[in-house]
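Q: my questions concern the predicted model and sequence given below.
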Amino acid sequence: MRPSSPPAPPATTSRPSSRTSRPSFRARLAALLAGAATVGALITVGATTAHAADTPLRDLAAAKGKVMGTAVTGSKLTGTYGDLAGREFNWLTPGNAMKWASVEPARGSFNWAEADQIVNFAEAHDQDVRGHTLVWHSQNPDWLANGTWTPTQLSALMQNHIDTEVGRYKGRVAAWDVVNEPFNEDGTYRSTLWYDGLGADYIASALTWARAADPAAELYINDYNVEGVNAKSTALYNLVRSLKGRGVPIDGVGLQAHLIVGQVPSSFQQNIQRFADLGVDVAITELDIRMQLPPDSAKLTQQAADYKAVMNACLAVTRCTGVTVWGFTDSDSWIPDTFPGQGAATPYDENYAPKPAYRAIAEALGGTTTEPPTGACTAAYSVTSQWNTGYTGQVRIACSGAALSAWKASWNFGAGQRITQAWNATCAQTGAAVTCSNASYNGTVPDGGSVTFGFNGSWSGSNPVPMVTLG
């Protein structure tokens, strides 16, 4: 028998007056729109964004009154990854850095390093942060998950965690996924540490404590497989309606949208609208669309259509705040490790080249894109890691409608960078000019194929991405 639930904190029928201390979501969007041209002029990326939207996604989204976000890994926010995260997106979600196991691995011992890094990056790039996540059944520290707690103790632990984390980022995090994944597929409550120990009102308690910790932050319940109308999404709908009726603070629902190519629910827009009709916002919070590997043109074309369908469903509903992708590059996606044999789920490939899905997002937002050249071979430079005064870079040469029997890639560094070591190519540098030629074993690049070579280098002050030409 489940222990009886402790009483939920008193519900409030209106938000505290201090909630006005942070501009509303709509007001922040207006500010983003006003500054869009400036942001676009200040933030530039080199060859890695060839064939990208002529206007960054963040500016296109702001012009539509929406946000365009991505989940990020703090340690990667440098080089090409950092350039793209800053240029293309106006909201960031820490993929793991704010989860309980990350911030309090030992009871009373906190590690805020990566979470702070992401928040600082966002503020430096005029971005908002979505906090993820406060109360969840997964990625809890061992001391919590394996402990034996009375309801009173468990309630106190949850409140203290919310007070500590939300309080730390008060005024710096725009929205929180307060409760994550509370339901089973059939719409019953998931058996978790929280539900089993505190009953269903753990959700109301968490929301109420989060509001007290930061009255200006927007508070969400977030779940997966709730994108279309089904038993699980209806359970979430009924919960939100009940919470609203009780005066529990709830600002929105997050529809995660971990989807499969060709399987976007036909009732997606209808479902968004019914939540909006309850008087809450809706956010697409973790969008990716996976496929069986390897990708091919047919799968990528369908994936692009699916991304556009999700974007259009959100754009059609005023209270859909926008879309966050769960990682923007296939090199930073959770899919291959979780679903063996599947992947290629994000808008950029592993070498930071925009895929048809990227162009579909841009076009849904009213943007234009430069299509990849046909009958040609191209080279794309990216920084895969960076530290102190050193970095690792790579160049990917790919052919479509053409082929190579030998190749030479050239570029000019713009900030005094030096190559110190290269592999899979013979590289020479004179001043700022670099020339890399194929090795004896990788000069052939067939139609539809690619080769990649890499190098280590040094930098000082800045490490801008150069434009690469093939000769």
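A: Yep, it's here.
Q: ok, then the element right after the helix or strand of the chain with the lowest mean pLDDT?
A: None of the helices or strands of the chain scores lower by mean pLDDT, DSSP states H and E than helix 36-42, at a mean of 35. Next helix or strand after helix 36-42 toward the C-terminus (DSSP states H and E): helix 57-63.
Q: which strands or helices does that following helix pack on?
A: In terms of contacts (3 or more CB pairs under 8 Å, 6 or more residues apart in numbering; DSSP states H and E), helix 57-63 is packed against helix 25-34, helix 36-42, strand 67-72, helix 79-88, helix 356-364. Heads up, the C-betas are built off the backbone N, CA and C, glycines and all.
Q: taking the mean pLDDT, what do you get for it?
A: Helix 57-63 shows a mean pLDDT of 97.
Q: and that helix, C-alpha only, in PDB?
A: What follows is helix 57-63, C-alpha atoms only, in PDB (Å, rounded to 0.1, in the frame of the first residue of the first chain):
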ATOM      1  CA  LEU A  57      16.900  30.300 -37.500                       C
ATOM      2  CA  ARG A  58      16.600  32.300 -34.200                       C
ATOM      3  CA  ASP A  59      15.800  35.500 -36.200                       C
ATOM      4  CA  LEU A  60      13.300  33.700 -38.400                       C
ATOM      5  CA  ALA A  61      11.600  32.300 -35.400                       C
ATOM      6  CA  ALA A  62      11.500  35.600 -33.600                       C
ATOM      7  CA  ALA A  63       9.900  37.200 -36.600                       C
END
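Q: quick check: residue 376 vs residue 171, distance?
A: Going from residue 376 to residue 171 by CB to CB, to the nearest Å gives 50 Å.
Q: do residue 129 as well
A: Residue 129 is 11 Å from residue 171, by CB to CB.
Q: those two: which has the busier surroundings?
A: Using other CB atoms under 10 Å as the criterion, residue 129 and residue 171 rank with residue 129 on top: 25 against 10.
Q: what are the phi and psi values at the more buried one?
A: Backbone torsions of residue 129, given as degrees, to the nearest 10, read phi -120, psi 140.
Q: partners of it in the sheet?
A: Note on residue 129: beta-bridge partners residue 92, judged by DSSP bridges.
Q: contacting residues around it?
A: Residue 129 sits next to 91-94, 118-119, 122, 169, 172-174 when contact means CB atoms under 8 Å, 6 or more residues apart in numbering.
Q: mark which of the residues you listed are part of helices, please.
A: Among the contacts of residue 129, DSSP state H puts 118-119, 122 in helices.
Q: quick one: which of those residues has the most company?
A: Within the ones in helices among the contacts of residue 129, most neighbours by other CB under 10 Å means residue 122, with 26 neighbours.
Q: what's the distance between that residue and residue 336?
A: Distance, residue 122 to residue 336, by CB to CB: 27 Å.
Q: how about residue 433: what's its closest non-neighbour residue?
A: Among residues not flanking residue 433 along the chain, residue 412 sits closest, at 5.4 Å (CB to CB, 6 or more residues apart in numbering).
Q: for that neighbour, give its distance to residue 117.
A: 31 Å.
Q: which one of those two is surrounded by more residues?
A: Legend: neighbour count by other CB under 10 Å for residue 412 and residue 117, higher for residue 117 (17 against 12).
Q: what about the stretch 301-450 of the chain, any weak spots by pLDDT?
A: 370-375 (pLDDT under 70).
Q: one more time with 80
A: In the predicted model, the stretch 301-450 of the chain carries pLDDT under 80 at residues 369-375.
Q: identify the residues contacting the residue nearest to residue 433.
A: Contacts of residue 412 (CB under 8 Å, 6+ apart): 432-434, 466.
Q: in CSV: those residues, plus distance to residue 362.
A: What follows is those, written out as CSV (distance: CB to CB, whole Å):
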residue, distance to residue 362
432, 33
433, 34
434, 31
466, 24
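Q: CSV for those residues, including distance to residue 365, neighbour count and secondary structure?
A: Listed next are these as CSV, based on distance: CB to CB, whole Å; neighbours: other CB atoms under 10 Å; DSSP: H, G, I helix; E, B strand; the rest coil:
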residue, distance to residue 365, neighbour count, secondary structure
432, 37, 14, coil
433, 38, 11, strand
434, 36, 23, strand
466, 29, 19, coil
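Q: which of those residues lies closest to residue 60?
A: When the contacts of residue 412 are compared for distance to residue 60 (CB to CB), residue 466 wins out at 26.3 Å.
Q: how much space is there between the closest one and residue 427?
A: Using CB to CB, one gets 13 Å for the distance from residue 466 to residue 427.
Q: try residue 289
A: In this view, residue 289 and residue 427 are 37 Å apart by CB to CB.
Q: and if you look at residue 413?
A: Using CB to CB, we find residue 413 at a distance of 12 Å from residue 427.
Q: need the overlap of contacts for those two.
A: By CB under 8 Å, 6+ apart, residue 413 and residue 427 have these common neighbours: residue 434.
Q: residue 54: neighbour count?
A: The tally of other residues near residue 54 (other CB under 10 Å) stands at 11.
Q: nearest spatial neighbour of it, skipping sequence neighbours?
A: Sequence neighbours aside, residue 368 is the residue nearest to residue 54 in space, at 5.1 Å (criterion: CB to CB, 6+ apart).
Q: give me the neighbour count for the one you found.
A: The local packing of residue 368 (other CB under 10 Å) involves 11 other residues.
Q: pretty sure residue 206 sits in a helix.
A: Yes: assessed with DSSP: H, G, I helix; E, B strand; the rest coil, residue 206 lies in a helix.
Q: pretty sure it is touching residue 161, no?
A: No: under the criterion of CB atoms under 8 Å, residue 206 makes no contact with residue 161, lying 9.4 Å away.
Q: which one of the two has more residues nearby?
A: Higher neighbour count among residue 206 and residue 161: residue 206, with 27 against 19, using other CB under 10 Å.
Q: quick check: bridge partners of the closest residue to the more buried one other than its chain neighbours?
A: Nearest residue to residue 206, sequence neighbours excluded (CB to CB, 6+ apart): residue 135, at 4.7 Å. Beta-bridge pairing of residue 135 under DSSP bridges involves residue 179.
Q: what residues does residue 135 make contact with?
A: With contact taken as CB under 8 Å, 6+ apart, residue 135 is in contact with 158, 161-162, 178-180, 194, 202-203, 206.
Q: got JSON lines for those residues, with distance to residue 277 and pLDDT too?
A: As requested, the contacts of residue 135 are exported to JSON lines (distance: CB to CB, whole Å; pLDDT from 0 to 100):
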{"residue": "158", "distance to residue 277": "31", "pLDDT": "98"}
{"residue": "161", "distance to residue 277": "33", "pLDDT": "98"}
{"residue": "162", "distance to residue 277": "29", "pLDDT": "98"}
{"residue": "178", "distance to residue 277": "22", "pLDDT": "98"}
{"residue": "179", "distance to residue 277": "21", "pLDDT": "98"}
{"residue": "180", "distance to residue 277": "24", "pLDDT": "98"}
{"residue": "194", "distance to residue 277": "28", "pLDDT": "98"}
{"residue": "202", "distance to residue 277": "26", "pLDDT": "98"}
{"residue": "203", "distance to residue 277": "21", "pLDDT": "98"}
{"residue": "206", "distance to residue 277": "24", "pLDDT": "98"}
